[in-house]
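>>> Build me a structure from this.
(3 chains)
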Amino acid sequence: MPFDITTTGEFSASHQLRLYDGTLEPLHGHNWRIKLTVSADRLDAIGVVMDFHELARLLDAIVGPMHNRHLNDLPPFLAMNPSAENVALHIAQSLRLPDRARLHSVEVWETSENSAIWRA
Amino acid sequence: MPFDITTTGEFSASHQLRLYDGTLEPLHGHNWRIKLTVSADRLDAIGVVMDFHELARLLDAIVGPMHNRHLNDLPPFLAMNPSAENVALHIAQSLRLPDRARLHSVEVWETSENSAIWRA
Amino acid sequence: MPFDITTTGEFSASHQLRLYDGTLEPLHGHNWRIKLTVSADRLDAIGVVMDFHELARLLDAIVGPMHNRHLNDLPPFLAMNPSAENVALHIAQSLRLPDRARLHSVEVWETSENSAIWRA
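Purely as a prediction, here's the structure:
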């Protein structure tokens, strides 16, 4: 699949991982940043994988409900820890792409230094 | 192919995509940014894939003619829309590498939020 | 292997490559930046590949001894040129990960424009 496009999104949210001994880490938050990458075998009639703005809207629809929230309180994270890895997994599982594009990867930065990547 | 090197380039140019209904989107421009990645199976006699400066010169020779121009007026884009995807394709098709290096990918950012990637 | 995590590190060091004709390039230095990526087939009991801080400590233990040094004087670079490619190789060869994580890649930037990548 030779072409990908990427778009980025951001949200601010607190979280608190449950640790191996069952205790919670200290409550804290991040400005989370997302890089979403989708692929297509070939370009469409106007020479694109899909419209950047449409892809950004699909991503915003998923990350918007996490903005200015405590991730532990949100449905995806009632059953799984709100780690960067699971935030990436949640975005990957929630995304509905048009037929011609396929999900390639979701990268989620907790800080400018650390990210988690889910790959299709 | 275990080693890659990357170099980056930039150019400023306007463009105007022809849309699905045949109309043109509004004329606008971007500071385009390019990340070029090339690969080699092994390092050469002095321990590099190839010289960074030489790779940067090869990239500049391709993107220089697009700087401060209207992409729609340039030969590569008379027959194809000047989308970020097609800018990446044009760079990939124009690059002539020394024998020992192979093209891995070309990523083209229209904005800091959105990029297109051509992968070999 | 669907999940990766990445961490970044930095060090400042001088170097001087031995060129094809046996001469040395002019002595100079860089703020080197590293992006280390490791993979796991599945997440662990608390939903992570491994702890970001632990991965950062493993990376710091390797890059710390290069900080504020002349790379040509350090053991890894007595037998090989201190190119960005070989700095990436040295980090890859020195890293000892916990069993459940595997090395995916090491990217080493000499400047904000140029990087070398070692891929597993």
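
>>> only C-alpha atoms for contact and neighbour calcs from this point on.
Will do.

>>> Would you mind giving the secondary structure of the most far-flung residue of chain A relative to its centre?
For chain A, the largest distance from the centre (C-alpha atoms, centre = their mean) belongs to A:Ala45, which lies 28.3 Å off. Applying DSSP: H, G, I helix; E, B strand; the rest coil to A:Ala45 yields a three-state assignment of coil.

>>> just the strands in chain A please.
A:3-15, A:28-40, A:69-70, A:102-109, A:114-119 (DSSP state E).

>>> C:Leu74 is nearest to which of those strands?
strand A:114-119 (28.2 Å; C-alpha to C-alpha).

>>> Ramachandran angles for the residue farthest from the centre of chain A?
With angles defined as degrees, to the nearest 10, A:Ala45 sits at phi -60, psi -30.

>>> I'd like the distance from it to chain C, if you could.
Distance, A:Ala45 to chain C, by C-alpha to the nearest C-alpha, to the nearest Å: 32 Å.

>>> Now that residue. Nearest residue, chain neighbours left out?
Counting by C-alpha to C-alpha, 6 or more residues apart in numbering or on different chains, A:Ala45 lies nearest to B:Tyr20, which is 7.2 Å off, once chain neighbours are set aside.

>>> so how far is A:His67 from A:Leu78?
17 Å (C-alpha to C-alpha, to the nearest Å).

>>> With A:Leu17 instead?
18 Å.

>>> of these two, who's got more company?
A:Leu17 (21 against 17; other C-alpha atoms under 10 Å in any protein chain shown).

>>> can I assume the more buried one is in contact with A:Pro82?
Yes: contact status for A:Leu17 versus A:Pro82: in contact at 6.3 Å, counting by C-alpha atoms under 8 Å.

>>> how about stretch A:86-96 as PDB, C-alpha atoms only?
What follows is stretch A:86-96 as a C-alpha-only set of coordinates in PDB (Å, rounded to 0.1, in the frame of the first residue of the first chain):
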ATOM      1  CA  ASN A  86      -4.800   1.700  25.500                       C
ATOM      2  CA  VAL A  87      -5.600   5.300  24.400                       C
ATOM      3  CA  ALA A  88      -4.000   4.300  21.000                       C
ATOM      4  CA  LEU A  89      -6.000   1.000  21.000                       C
ATOM      5  CA  HIS A  90      -9.300   2.800  21.800                       C
ATOM      6  CA  ILE A  91      -8.700   5.300  18.900                       C
ATOM      7  CA  ALA A  92      -7.900   2.400  16.600                       C
ATOM      8  CA  GLN A  93     -11.000   0.500  17.600                       C
ATOM      9  CA  SER A  94     -13.300   3.500  17.300                       C
ATOM     10  CA  LEU A  95     -12.200   4.800  13.900                       C
ATOM     11  CA  ARG A  96     -14.600   4.200  11.000                       C
END
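
>>> what's the nearest residue to A:Asp44 if we skip its chain neighbours?
For A:Asp44, the spatially nearest residue (C-alpha to C-alpha, 6+ apart) is A:Met50, at 7.7 Å.

>>> mind checking the backbone torsions on the one you found?
When read as degrees, to the nearest 10, the backbone of A:Met50 gives phi -160, psi 170.

>>> from what I can see it touches A:Ala101, true?
Yes: counting by C-alpha under 8 Å, A:Met50 sits close enough to A:Ala101 to count as a contact (7.3 Å).
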